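*Asks:* my questions concern the predicted model and sequence given below.
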Amino acid sequence: MQVLFARHHVRVYRFVLRLVRNEATAEDLISEVFLDIWRQAGKFEGRSAVSTWMLSIARFKALSALRKRPDEELDDEMAERIEDHSDDPETSLAKKDKGAALRQCLSALSAEHREIIDLVYYHEKSVEEAAQIVGIPEATVKTRMFYARKKLSELLKEQGIDRGWP
Amino acid sequence: MTTNNKNSDIEELLPWHAAGTLSRRDAQRVEDALAKDPELARRFSLVREELGETIHLNESLGAPSSRVLEQLFAKIEAEPARKPAVSFNFATRVGEFFASFTPRTLAYASGAAMLAIVLQAGIIAGVMMKETGGGYETASAPINPPAGEAAFTLIRFAPQATQDDVTKFLDANKFSIAAGPMAGGLYKVRVGMIGIPKAELGALVKKLQTDKTVNFIAVSE
């Protein structure tokens, strides 16, 4: 268990943190995730990679936690998102650095779009694995990724960076 | 299928191609399309930018505190003992064998397994350092400290790159592996040219972004 934990806990934590956007909640959730993994170890049939199985459990826990979250916290999240779009001095500075602007826009995406981008780019999940984690058909994974990237380009355009796509 | 349909089909695969998670057949289809279509190649460079910044963003999130492991083992200790079940499935029986140990015993046993993994990683890193031509040198204390400041890059090798490809790539660019693999399969790589100007390093990294041996390269602090 400790080996599994040592090998995967940072990535699982980052995946959960990007979904719930709260470090304390993410920490509580990953101990729950690994407890479930310990409980269900006998049921794991090896049909998918261990990391895919773990991320599926983590996603379920994160979404359950988000559903339980009080309204005011959701409002905070919305407020955070609105601020991301505003053209304050910080944003203007970010415009000078395309990388920083891109990272800011990645954070401003909806949870659904953030999730698919993280799974594909950071967690290196194939179309099939991403479909398994999110619980959607493979064709939907491809179109969701396409629309997430399209939204990213639109957000960058709002920041004054035109990538010439889509 | 029309050419437009084919193109949009290929374009949808670009993120997975950049991440190196396509099947060999699909990767070849994308490579062929990229070679023929400069606009698609330009869009692929946008995908690689996104990939680089997504990794950067996630890596900057840090790690959870040690409280999590303590919390986890406290919860496992509080779990009721598991009932043995009869099974003829080998994987299930192995799973049950490990489940029959107490968490503490499992922790010690897995600690020993981790040590073996660390030793193995050390041996592999040692072989790679030798192959890149340099003598043994730690990241923090080189035998001959350089007069200038050492520069580093972060590299993730393409999954299809063989050990031979990696060795050739490192040799050709006078790179040596300083640390890794880290989360995301990244390696911290030392640049052979001491005191290389930032602009020159940036240009080198940009040039190497198109090298098939790597699927991610960026300047590291």
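*Replies:* That came through, no problem.

*Asks:* SS state for the residue sitting furthest away from the middle of chain A?
*Replies:* Relative to the centre of chain A, the most outlying C-alpha is that of residue A:42, 28.0 Å out, by C-alpha atoms, centre = their mean. Applying DSSP: H, G, I helix; E, B strand; the rest coil to residue A:42 yields a three-state assignment of helix.

*Asks:* what pLDDT does it get?
*Replies:* With respect to pLDDT, residue A:42 scores 77.

*Asks:* that one and residue A:7, how far apart?
*Replies:* Counting by C-beta to C-beta, to the nearest Å, the separation of residue A:42 from residue A:7 is 20 Å. Placement of C-beta: from N, CA and C, glycine included.

*Asks:* tell me the SS of residue A:130?
*Replies:* Put simply, residue A:130 is helix when judged by three-state DSSP.

*Asks:* again, but for residue B:156
*Replies:* Judged by three-state DSSP, the three-state class of residue B:156 is strand.

*Asks:* what is the neighbour count of it?
*Replies:* 23 (other C-beta atoms under 10 Å in any protein chain shown).

*Asks:* try residue B:150
*Replies:* 16.

*Asks:* tell me the pLDDT at residue A:77?
*Replies:* Looking at residue A:77, its pLDDT is 51.

*Asks:* could you do residue B:63 as well?
*Replies:* At residue B:63, the model reports a pLDDT of 92.

*Asks:* again with the one 5 residues further on
*Replies:* According to the predicted model, the pLDDT of residue B:68 comes to 89.

*Asks:* got any ranges where chain B has weak pLDDT?
*Replies:* Applying pLDDT under 70 to chain B flags the ranges B:1-6, B:81-148, B:183-184, B:221.

*Asks:* what residues does stretch A:138-155 touch?
*Replies:* Residues from elsewhere that reach stretch A:138-155, judged by C-beta atoms under 8 Å, 6 or more residues apart in numbering or on different chains: A:85, A:102, A:105-106, A:108-110, A:112-114, A:116-117, A:120, A:127-128, A:130-131, A:134, A:136, A:163, A:165-166, B:11-13, B:15, B:47, B:50.

*Asks:* how far away is the residue farthest from the centre of chain A from residue B:150?
*Replies:* Note on residue A:42: its distance to residue B:150, by C-beta to C-beta, is 49 Å.

*Asks:* and if you look at residue A:136?
*Replies:* Taking C-beta to C-beta, one finds residue A:136 at 46 Å from residue B:150.

*Asks:* in contact with the residue nearest the centre of chain A, which residues?
*Replies:* The centre of chain A sits closest to residue A:115, judged by C-alpha atoms, centre = their mean, with a distance of 3.2 Å. Residue A:115 makes contact with A:18, A:19, A:59, A:134, according to C-beta under 8 Å, 6+ apart.

*Asks:* these two touch, right, the second one and residue A:59?
*Replies:* What that stands for is residue A:19. Yes: here residue A:19 lies in contact with residue A:59, judged by C-beta atoms under 8 Å, at a distance of 7.2 Å.

*Asks:* more neighbours, those two?
*Replies:* Counted by other C-beta under 10 Å, residue A:19 and residue A:59 do not tie: residue A:19 has more neighbours, with 23 against 20.

*Asks:* from memory residue B:216 sits against residue B:153, does it?
*Replies:* No: at 10.0 Å, residue B:216 and residue B:153 do not qualify as touching, with contact defined as C-beta under 8 Å.

*Asks:* look up how far residue B:180 lies from the nearest residue to residue A:103 once chain neighbours are set aside.
*Replies:* Residue nearest to residue A:103 in three dimensions, not counting chain neighbours: residue B:57, with 4.7 Å by C-beta to C-beta, 6 or more residues apart in numbering or on different chains. Distance, residue B:57 to residue B:180, using C-beta to C-beta: 19 Å.

*Asks:* between the two, who's got more neighbours?
*Replies:* Taking neighbours as other C-beta under 10 Å, residue B:57 and residue B:180 compare with residue B:57 leading, 22 against 19.

*Asks:* quick one: the more buried one is in a helix?
*Replies:* Yes: judged by three-state DSSP, residue B:57 forms part of a helix.

*Asks:* surely it meets residue A:107?
*Replies:* Yes: look at residue B:57 against residue A:107 with C-beta under 8 Å: they come within range, at 7.0 Å.

*Asks:* so which strand or helix has residue B:71?
*Replies:* Element membership for residue B:71 (DSSP states H and E) is helix B:67-78.

*Asks:* need the contact partners of that helix.
*Replies:* Against helix B:67-78 from outside (C-beta under 8 Å, 6+ apart): A:1-2, A:5, A:9, A:13, A:27-28, A:30-31, A:34-35, A:38, B:103, B:107.

*Asks:* surely residue A:23 and residue A:29 touch.
*Replies:* No: using C-beta under 8 Å, residue A:23 makes no contact with residue A:29, being 10.6 Å away.

*Asks:* the more surrounded of those two?
*Replies:* A direct count of neighbours by other C-beta under 10 Å for residue A:23 and residue A:29 places residue A:29 higher, at 24 against 15.
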